[in-house]
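Visitor: here is a sequence with its predicted model. Questions after.
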There are 4 protein chains.
Amino acid sequence: MDRKYRVGILGATGTVGQRFLQLLERHPQFEVTALAASERSENKTYAEACAWRLPGEIPAFARGMRVESPRPPLDCDLLFSSLPSDMARDVEESFAQAGYPVISNSSACRMQKDVPLLIPEVNPDHLRLLEKQRAGRKFEEGGLLVTNPNCSTIMIALALAPLHRRFGVEAAMVTTLQALSGAGYPGVASLDITDNVLPFIENEEEKIESETLKILGRVDTEHIEPAPIRVSAQCHRVNVADGHLAAIRVKLARHASLEEVREALASFTALPQQLRLHSAPAQPILVREEPDRPQPRRDRDAGGGMSVTIGRLRSDRVLDYRFVALSHNTIRGAAGAAILNAELMIAMGNLAVQAAQSYGRESR
Amino acid sequence: MDRKYRVGILGATGTVGQRFLQLLERHPQFEVTALAASERSENKTYAEACAWRLPGEIPAFARGMRVESPRPPLDCDLLFSSLPSDMARDVEESFAQAGYPVISNSSACRMQKDVPLLIPEVNPDHLRLLEKQRAGRKFEEGGLLVTNPNCSTIMIALALAPLHRRFGVEAAMVTTLQALSGAGYPGVASLDITDNVLPFIENEEEKIESETLKILGRVDTEHIEPAPIRVSAQCHRVNVADGHLAAIRVKLARHASLEEVREALASFTALPQQLRLHSAPAQPILVREEPDRPQPRRDRDAGGGMSVTIGRLRSDRVLDYRFVALSHNTIRGAAGAAILNAELMIAMGNLAVQAAQSYGRESR
Amino acid sequence: MDRKYRVGILGATGTVGQRFLQLLERHPQFEVTALAASERSENKTYAEACAWRLPGEIPAFARGMRVESPRPPLDCDLLFSSLPSDMARDVEESFAQAGYPVISNSSACRMQKDVPLLIPEVNPDHLRLLEKQRAGRKFEEGGLLVTNPNCSTIMIALALAPLHRRFGVEAAMVTTLQALSGAGYPGVASLDITDNVLPFIENEEEKIESETLKILGRVDTEHIEPAPIRVSAQCHRVNVADGHLAAIRVKLARHASLEEVREALASFTALPQQLRLHSAPAQPILVREEPDRPQPRRDRDAGGGMSVTIGRLRSDRVLDYRFVALSHNTIRGAAGAAILNAELMIAMGNLAVQAAQSYGRESR
Amino acid sequence: MDRKYRVGILGATGTVGQRFLQLLERHPQFEVTALAASERSENKTYAEACAWRLPGEIPAFARGMRVESPRPPLDCDLLFSSLPSDMARDVEESFAQAGYPVISNSSACRMQKDVPLLIPEVNPDHLRLLEKQRAGRKFEEGGLLVTNPNCSTIMIALALAPLHRRFGVEAAMVTTLQALSGAGYPGVASLDITDNVLPFIENEEEKIESETLKILGRVDTEHIEPAPIRVSAQCHRVNVADGHLAAIRVKLARHASLEEVREALASFTALPQQLRLHSAPAQPILVREEPDRPQPRRDRDAGGGMSVTIGRLRSDRVLDYRFVALSHNTIRGAAGAAILNAELMIAMGNLAVQAAQSYGRESR
C-alpha cells in the first residue's frame, strides 16, 4: 500500500467520533483529512469543538483541524459516519449521491433493502447488495452506503453466527446489560443510574430483534432473505462505562453436544482473519471457562476491543444452551466495526475505484 | 392480641439480621428478646458486636442487649434465622428439636421434603407439611421449621403465581440483575463491581430453578408435587445497593391476551391481604405502565419493601410474554418474608400452641 | 393556626422543586396552591410536566395541578423559589414588586445588600434588613425577598456559627465532596462521574467564600458588616446521589480546648429549636465519635435531613482544629432551608401582614 | 546492560504485587525469577494462587511459576516487596540480613532512621543513609533496605518538592480523595462505598503528616533532618477504582507570584529524567489549565501512570496557593515507585555490587 486512504468523519465530536479518531491515529491504511459535525461545532478547531471524553489526549493531528459542516464536498476519499440517527439519513445519502463511499455506524439506513448491514466475519457476501444499490440509486460514480449493526447486535450476531452455520439457530433470547457510553454524551444522567438500573433503552430491543435476522440472512442477487430465527431481546442500562454484556439462550435446529457448541464458538475464524485485516482480532470469539467471566471491566479490551468474550456456557432447561457474551460497545460495537468494514471493502476491491477517483477530486 | 410474641434472632449482626431488627422495632405482634450470632460476637452488646449498615441508628432497644451463642435455650417464643447456610442446618434443627418454632431465611433446609418453603400469598396450604414434619421428626412439643425462598425466587414466584393459577405456566426464563446487599457484608469487593458486572452468583441459578418448582407445586397430605414448569435462570450482580431486578419471559399453557395477563398480575391479592396481616402490602404486585420502570432505586420501597413492581409487560417473540420484575431483596426477599410467614402462621393457628407453651419455658 | 398559608412554587419541576413538594405534602402551616415552571412546562399538569426523580410517587395533590407561567399573579400567599439563577432575579423581583413574599433558594439575589441571607439558627437578626428593603425598593405592600445560602455554605456556616460565637473564627479552610443532586437534573453526565471525581463546580468556591462572610456578619440598622474571617474553599463532585461532605479546618481567635470545641458544637441550639419550628431538628449539629463518620448514605437523613453531622474532630497541625461535616444538600441545603426560613418568618411576624393581605387577593 | 537483574516479588498475589508483574513484564533491566506470598498461596502456581484483578491476563511468564514462602533463600538478585505491613518488617529484614537488596513498598520500615524513604526525583541523596545502614546493621554483604512512601505521600511530596526547593514550604494542607485499589483486595466492601464516601483511612493521615517531612528533609552523614514544614492531612475514600486526588494548599517561606509557582511546577525535572531511567516520565509534573482537571479516570495514566497531574492552581485566601494533584496510586504510588527506586540505585551504583555478588549465589 503506497498511499493512505484519506478519510472524513461525520459526527466527529461525539462519543463514537472520538473513538474513530483514536483508532485511526496510527492506522496503516487511513489518514484523517476532514472532520465534520453539527452546526454548533462549525468553524471551530477540533480542540475547541470537542469535549474529549476518552482517557488521554485528543490525538495531536486533530487538535488544530477545522470542524466543517456535514455537507459535500469534504476533502477525503471516504467517510466514516456516526451522526445522530435523525440527521444521518439525509446527510449520508447526500454524500453517497455526491460520489463518496459512506461507511456508517448510524442506524438510519441499516434496514434499507439495498444497504449491506455488514460484519466482516459474518456476512461479507452481503457486499453483493452494492450492485443492486449502484443500479437502483443514482449515486455519482464511487458513491455507496454500507452500515454496521447496532452495538449490541454486532456482539449477538457474532456469537450466533458460528452456531447458525453449524447447527442452525431456531430461536435466541437475549437479555442485555449495556454500558453508559452506548448512550453517547451527555447521555444518561448520573442521578438516573447511581445505585440504579434502567430497564429501557429506546428502540434497542427492536433493533436487536430485526437487525440480527438481516445479518444472518441469505443474500440473493437482489435481496436479503432474513434468517428464520425468532429473536427476543430485553435491554437494560447498567452503571458501567464501557462494555455491553448479554445473557443469551439459544435453541438449535440440529442436536449438538455442549462440547460441539463450545468448539464451534472457540474455533471460529473467518475472512478477516484469513485476510489479516489490520483491525481483525486473531480470535473473533474468546471462550472462557472461569465461572465469573466475562466481566465488562476485565474483558472489554480483549483483542484490542474487537473480540467477543463468551463465558458461562451451559445447557439450558428451556432452550438448548445458554451463555454470556461481552464486547466493547464503542470499538467492536461502533467505530472499530466501521473501520473493519472499510478494511474488508478495500481487500475485496469495493473501495478501489473510489479511491482512485478521489485523487482527482482532491486536485480539483 | 394481649401479648407480644417474644422473638429471638439467629444471625442478628448480619445484613438480614439488621433488617429483622429494623422491621421488628415497632411491630405490633413481636418483641425482640434474644439476639444470637456467631462466636465472634458472643458476650458483646449488640452495639459492640454489630457493624450497623442500614441508614439511621441501631434500634435503641437492641443497643445494650447481650449477643448470645446460637444454641438453645434462648429466652423467646420463636426464632427468626438468617444464619449463614453452612451453619444454619445444625443450629436451626437443634432449636426445633428443643421445641422452638424456627422461621428461617437460610437456604439450608428449604428443599427438605417436610419443610414448607412458604410465600403467604402463594402457597399457604404448604403449611400442611408441618403435620408430616411433626410426625416424622422427634422435635420437642412446639418445635417446627418453616423457610422462605431465596431473595430472587420470592419475587419470581410471586410474579408467576397469578399466571400459573389462571393460565398455567409451562416455562419461565429469568435473567436477574441483583443488588449488593444480597451478598451480605462485606460481600462483594468494591474493586470487583465498580464500573463492572459480575455474571456469577454462587448457587443462585440452581436455587431459582429448583425452589420455584417447590413453591408453585401442589401439596398432598404427604408431600409437595413440584410444578411441571421448566425454569431457566441466568444471574448477575450489578452495582446497586438494594433491589433485585429480573427480566422474565413466560410460556403459558392456555392462551391469554396481553390484557388478561396484565389484569391477572395487577388484580392479584391473596390470603395475607384478606387477613390484613401487618406486613402484607395492599397490593403484592404493582403493574406500572411507564416504559422505564421498574427501577431499583425508585421502586424497591414500594409497599414498604413488600410489593413486587412489574413493568414493560409485552408480547415476546420466543415465549409468550415478557416483563421486568423488581423487589427489595432484604425486605420482601428476606427479613420481611420471614416476618410475614410468622404473621400468617399466627393467623392460621400454627404458632398458637407454641406461644402458650413457651410461657412456661420463660418462667423455668 | 387556623388556616394554612397558601404557597406557590417557582421552579416546581426541578430537583429542588420536587423536594419542596415532598416536604410540603403534610406540612401543618403550608398548602401548595400554585406551581410554576419554565415555559416548556406550561399548560401541562404537574404529572405531565415533571420527570419525578425522588423515591416514591409524585404527591397525589400535585399530580393534576396545572403548571403555570412564572409571572404574577399566582394564586398564593407566598412563594418558594428554586428557579435557575439566570432567570431567578427578574422573576423573583417581579413577584416581590407585585406584593408577594418570595423565599428563594436561588443564588441570584443572595448577595444583594438589602436581602437577608438567612439560616434561622445562625442569623435570624438579619431579617432586620427587610426594613431597609421595604424602604429602598418600591415593592407593593407585602412584597419581600429573603434567600437561603448555597447548599454547601449552609452546612459550613452552621458548623462555624457556634465556634464563631464562642471563640471567634479567624480562618476556615473547606474542601468539599459534593453530591450529584446538587447539580440538578440532568446535571452531571454519568460518563463524567463513573469511576471518577470532578474537581470543579462552577462558581461554588466563590459562593462559599463570600456567602459565609455575609451570614456570619453583624447586622446594623442599615447593612451587614461581613465577618472578618478568611475562608478558602476547594470543591469536588463525587459519585454520591445526595449528601454534601466538607473537610474543614478552623483557626480560632481565642484559645479553646478540643473538649470546649466539641461541646460548643454538640450543645448548639438556637431560636428555631426554642420556637419549636416544624422543620427545625432537635439538634442542628450532631457530633459523632466513630472514626469513620459522617458518611453521606448513612448520615444525610439525620434529623429528617435538617441536621448537620460532624465527625473526626481533631487538633490540626496547621490551623487549630479540623473536622468533617455532612448534610443533606436538597433538604437542609435547599428546600428544607427555605421552608425553615418561612417558618421562622411566620413565628417572628414577618409574614403575618402579607398573609392577611393575600386573603384579599384571593377573593379578588 | 548485558544481563537482566533477577528479581523476586514478596506479596506477589496482592493488588500491588500484580502491578509489579505487569510493569516488569517487558522491563529492559529486570526479569522476574521468584514469587513469594503468604502461606495460603504456597506450593500453588501463580495462576492458581492469584485472583488477577487487573485488566487483561496474568503475564504468561508468571502463570506457571511456583509461589514460594516469603523466607530466604529465593532465587533472585533483589526483591521488590509489597507485603502487608504486619508481616513486612520481619520478612524484609530477614532478607536484607541474608544479603538481598530489598526495595519495599510496605510501610513497616519507612520511618526507620537508617532507611531511605526514596523518591528519585526528590531525594536521591537520601541513598547516603545506606552507609549508615550498612555500618549499623549486620546485614550480610549486599543486603540493604530501601522504601518508597505511602501512595498519597509520593504525589504530595512530588508536588511540594519544586516549591520547597525554590521558595520554601512552611505549611501544607492536604485533603485527599483516594481510590479503592489503595485498600488492596478485597479491601473496601461495595456496600460501604456505593452512593457513599468514607472519611477515614486507617493511619493514612499520620503517614502523610510524618513521611512528607522525612522525604523533604536534609540528609547529613548520619541522619535525616526532617523538613520544618507543618503538614495537615484529611483523608477520604471515594468510589473510584484507581487514582488518588489531593486538594492542596501551601504557605511559602518566600514570596512567589502565581506565575512563578506554575513555572516551578511545570518545568520540574530531576535526576531520573537526566539519567533517562526506564520508568521515569518525561515530565514528573504535568500542569493543566482546564478548569475541571485533573480527574482520576482521565489523568491517572499520564506518563504511563508515573506523572503527577496538577490543575486548578489558584491563589488562596488563607494560605498562599492552592491546587489539585492526581496520580496513579498503584503505579507512581506503589509498584512503579519501587521499580523507579531500583532503576535509580542501579544507575547510581547502589545495586552493582549486589548483582555481581548474587551471580555467585545463583551458582551455589
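Guide: Nice, thanks for sending it over.
Visitor: alpha carbons only for contacts and neighbour counts from here, please
Guide: OK.
Visitor: next up, the contacts around the closest residue to A:Gln234 other than its chain neighbours.
Guide: The shortest distance from A:Gln234 to any residue that is not its chain neighbour, by C-alpha to C-alpha, 6 or more residues apart in numbering or on different chains, is 4.7 Å, and that residue is A:Thr175. Under the criterion of C-alpha atoms under 8 Å, 6 or more residues apart in numbering or on different chains, the neighbours of A:Thr175 are A:Ala233, A:Gln234, A:Cys235, A:His236, A:Ala246, A:Ala247, A:Ile248, B:Thr175, B:Ala247.
Visitor: can you report how many residues lie near whichever residue of the stretch 101-250 of chain A sits closest to chain C?
Guide: When scored by C-alpha to the nearest C-alpha, the stretch 101-250 of chain A has A:Ser190 as its residue closest to chain C, at 3.9 Å. Burial of A:Ser190 is recorded as 27 neighbouring residues (other C-alpha atoms under 10 Å in any protein chain shown).
Visitor: ok, the residue nearest to A:Gln234 to A:His236 distance?
Guide: Counting by C-alpha to C-alpha, to the nearest Å, the gap between A:Thr175 and A:His236 amounts to 8 Å.
Visitor: also A:Gly11?
Guide: Note on A:Gly11: its distance to A:His236, by C-alpha to C-alpha, is 26 Å.
Visitor: can you check A:Asp220 too?
Guide: Taking C-alpha to C-alpha as the measure, A:Asp220 and A:His236 are separated by 35 Å.
Visitor: looking at those two, which one has more neighbours?
Guide: Taking other C-alpha under 10 Å, A:Asp220 and A:His236 do not tie; A:His236 has more neighbours (22 against 12).
Visitor: hang on, the earlier thing: among the contacts of A:Thr175, which one lies nearest to C:Ser85?
Guide: Sorting those by distance to C:Ser85 puts A:His236 at the head of the list, at 35.3 Å, by C-alpha to C-alpha.
Visitor: can you give me the strands in the stretch 51-200 of chain A?
Guide: With DSSP state E, counting those that start in this stretch as the criterion, the stretch 51-200 of chain A has strands at A:67-68, A:78-81, A:101-104, A:144-147, A:169-178.
Visitor: turn the ones you listed into a markdown table, including mean pLDDT and distance to C:Trp52.
Guide: Formatted as a markdown table, the entries for these read as follows, by pLDDT from 0 to 100; distance: least, C-alpha to C-alpha, whole Å:
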| stretch | mean pLDDT | distance to C:Trp52 |
| --- | --- | --- |
| strand A:67-68 | 96 | 38 |
| strand A:78-81 | 98 | 36 |
| strand A:101-104 | 98 | 37 |
| strand A:144-147 | 98 | 38 |
| strand A:169-178 | 98 | 24 |
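Visitor: tabulate those strands (CSV), appending distance to A:Pro296.
Guide: Formatted as CSV, the strands of the stretch 51-200 of chain A follow (distance: least, C-alpha to C-alpha, whole Å):
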stretch, distance to A:Pro296
strand A:67-68, 33
strand A:78-81, 26
strand A:101-104, 25
strand A:144-147, 25
strand A:169-178, 10
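Visitor: indicate which one of those is closest to B:Ser41.
Guide: B:Ser41 lies closest to strand A:169-178 among these, at 39.4 Å (C-alpha to C-alpha).
Visitor: sheet partners, orientation included, of that closest one?
Guide: Taking DSSP bridges as the criterion, strand A:169-178 forms sheet pairs with strand A:230-237 (parallel), strand A:244-252 (antiparallel).
Visitor: after the last one, next one along is what?
Guide: Read it as strand A:244-252. Per DSSP states H and E, the first helix or strand lying C-terminal to strand A:244-252 is helix A:258-266.
Visitor: what packs against that next one?
Guide: Applying 3 or more C-alpha pairs under 8 Å, 6 or more residues apart in numbering or on different chains; DSSP states H and E, we find helix A:258-266 packed against helix A:151-167, strand A:285-287, strand A:308-315.
Visitor: turn these into CSV, columns for mean pLDDT.
Guide: Converted to CSV, the helices and strands packed on helix A:258-266 look like this (pLDDT from 0 to 100):
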stretch, mean pLDDT
helix A:151-167, 98
strand A:285-287, 98
strand A:308-315, 98
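Visitor: how about the ones you listed in TSV, adding distance to C:Lys4 and mean neighbour count?
Guide: Shown next, in TSV, are the helices and strands packed on helix A:258-266 (distance: least, C-alpha to C-alpha, whole Å; neighbours: other C-alpha atoms under 10 Å in any protein chain shown):
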stretch	distance to C:Lys4	mean neighbour count
helix A:151-167	55	23
strand A:285-287	67	24
strand A:308-315	62	23
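Visitor: could these go into a markdown table alongside distance to chain C?
Guide: Formatted as a markdown table, the helices and strands packed on helix A:258-266 follow (distance: least, C-alpha to the nearest C-alpha, whole Å):
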| stretch | distance to chain C |
| --- | --- |
| helix A:151-167 | 17 |
| strand A:285-287 | 27 |
| strand A:308-315 | 23 |
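Visitor: in a markdown table, list the ones you listed along with distance to C:Thr330.
Guide: Converted to a markdown table, the helices and strands packed on helix A:258-266 look like this (distance: least, C-alpha to C-alpha, whole Å):
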| stretch | distance to C:Thr330 |
| --- | --- |
| helix A:151-167 | 37 |
| strand A:285-287 | 48 |
| strand A:308-315 | 43 |
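Visitor: coming back round to it: so what's the residue nearest to A:Gln234 bridging to?
Guide: So, taking DSSP bridges as the rule, A:Thr175 has A:Gln234, A:Ala247 as bridge partners.
Visitor: contacts only, for the residue of the stretch 101-250 of chain A closest to chain C.
Guide: Residues in contact with A:Ser190 (C-alpha under 8 Å, 6+ apart) are C:Leu180, C:Pro186, C:Gly187, C:Val188, C:Ala189, C:Ser190, C:Leu191, C:Ile193.
Visitor: what about A:Pro291, neighbour count?
Guide: Counted by other C-alpha under 10 Å, the residues lying close to A:Pro291 total 14.
Visitor: what residues are up against it?
Guide: With C-alpha under 8 Å, 6+ apart as the criterion, the residues that contact A:Pro291 are A:Gly311, A:Arg312, B:Phe200.
Visitor: and if we set it to 7 Å?
Guide: With contact taken as C-alpha atoms under 7 Å, 6 or more residues apart in numbering or on different chains, A:Pro291 is in contact with A:Arg312, B:Phe200.
Visitor: my guess is A:Val115 contacts A:Leu145, does it?
Guide: Yes: under the criterion of C-alpha atoms under 7 Å, A:Val115 makes contact with A:Leu145 at 6.3 Å.
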